[in-house]
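Colleague: below are the sequence and a predicted model for it; my questions follow.
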Amino acid sequence: RKEVEQDPGPFNVPEGATVAFNCTYSNSASQSFFWYRQDCRKEPKLLMSVYSSGYEDGRFTAQLNRASQYISLLIRDSKLSDSATYLCVVNARGSQGNLIFGKGTKLSVKP
Amino acid sequence: GAVVSQHPSRVICKSGTSVKIECRSLDFQATTMFWYRQFPKQSLMLMATSNEGSKATYEQGVEKDKFLINHASLTLSTLTVTSAHPEDSSFYICSARDRIRTEETQYFGPGTRLLVL
């Protein structure tokens, strides 16, 4: 089983749609969870950290279920500028802060 | 926010040459920097963790003699790809963690695209 698994997509949605991404992780000792976005041929940029069961930031909501080892990201009222690859990232306890990246889910928002 | 720079942004070299990539934290001090590699349509893979003033810690399968890392100051880490071959062509990205902040956020550099002919 891969350490961090995501649906690769692509998700093609119209502007204004609500879209949800799922992610599962294999290491039950994982302590920190993040969503990054990566634009084509660019570096990843932190979207949000998920330290509790749920976290909302404007149109973005992340949820964490430690029992199921599952993280989700919900984007409401999607914009064209939301088009990117969304990376689920996990930091395992005792790993000196090493981040483990999922392959990412590609989102394409169409007019 | 914290800024990390990388230089060069793009490099093309002949097979057998060595390439040095610099990673700098511009407005904060980083005791720890990370080097990642990303092949097309693949996830970022951690290559090594660079610690200021000590030897880097390499991930399994990454040759330390081929990928030389030097972290001589709190704001600079370098990765040297020695005797580069076409299979080393990739997107190399560094990240840095602010030594003052307790959170685990890593700030990423813009990446370096390496093409070995």
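Modeller: On my side now, so go ahead.
Colleague: please count neighbours and contacts with C-alpha atoms only from this point.
Modeller: OK.
Colleague: OK, now which residue of chain B is nearest to chain A?
Modeller: With CA to the nearest CA, the shortest gap between chain B and chain A falls at B:S43, namely 4.2 Å.
Colleague: ok, and the closest non-adjacent residue to the closest residue to chain B within chain A?
Modeller: The minimum distance from chain A to chain B, using CA to the nearest CA, falls at A:K103 (4.2 Å). Using CA to CA, 6 or more residues apart in numbering or on different chains and skipping the chain neighbours, the partner closest in space to A:K103 is B:S43 (4.2 Å).
Colleague: burial of that neighbour, as a residue count?
Modeller: 16 (other CA atoms under 10 Å in any protein chain shown).
Colleague: re the thing from before, which of the three states applies to the residue of chain B closest to chain A?
Modeller: coil (DSSP: H, G, I helix; E, B strand; the rest coil).
Colleague: tell me the contacts of it?
Modeller: When contacts are counted by CA atoms under 8 Å, 6 or more residues apart in numbering or on different chains, B:S43 touches A:F101, A:G102, A:K103, A:G104.
Colleague: by neighbour count, which of these wins?
Modeller: Within the contacts of B:S43, most neighbours by other CA under 10 Å means A:G104, with 29 neighbours.
Colleague: please, where are all the strands along chain A?
Modeller: A:4-6, A:11-14, A:19-25, A:30-38, A:44-50, A:54-57, A:60-65, A:70-75, A:84-92, A:99-101, A:105-110 (DSSP state E).
Colleague: most neighbours per residue, which of those?
Modeller: Counting by mean count of other CA atoms under 10 Å in any protein chain shown, strand A:84-92 has the highest mean neighbour count of those, with a mean of 24.
Colleague: list the pairing partners of it within its sheet, with orientation.
Modeller: Counting by DSSP bridges, the strands paired with strand A:84-92 are strand A:30-38 (antiparallel), strand A:99-101 (antiparallel), strand A:105-110 (antiparallel).
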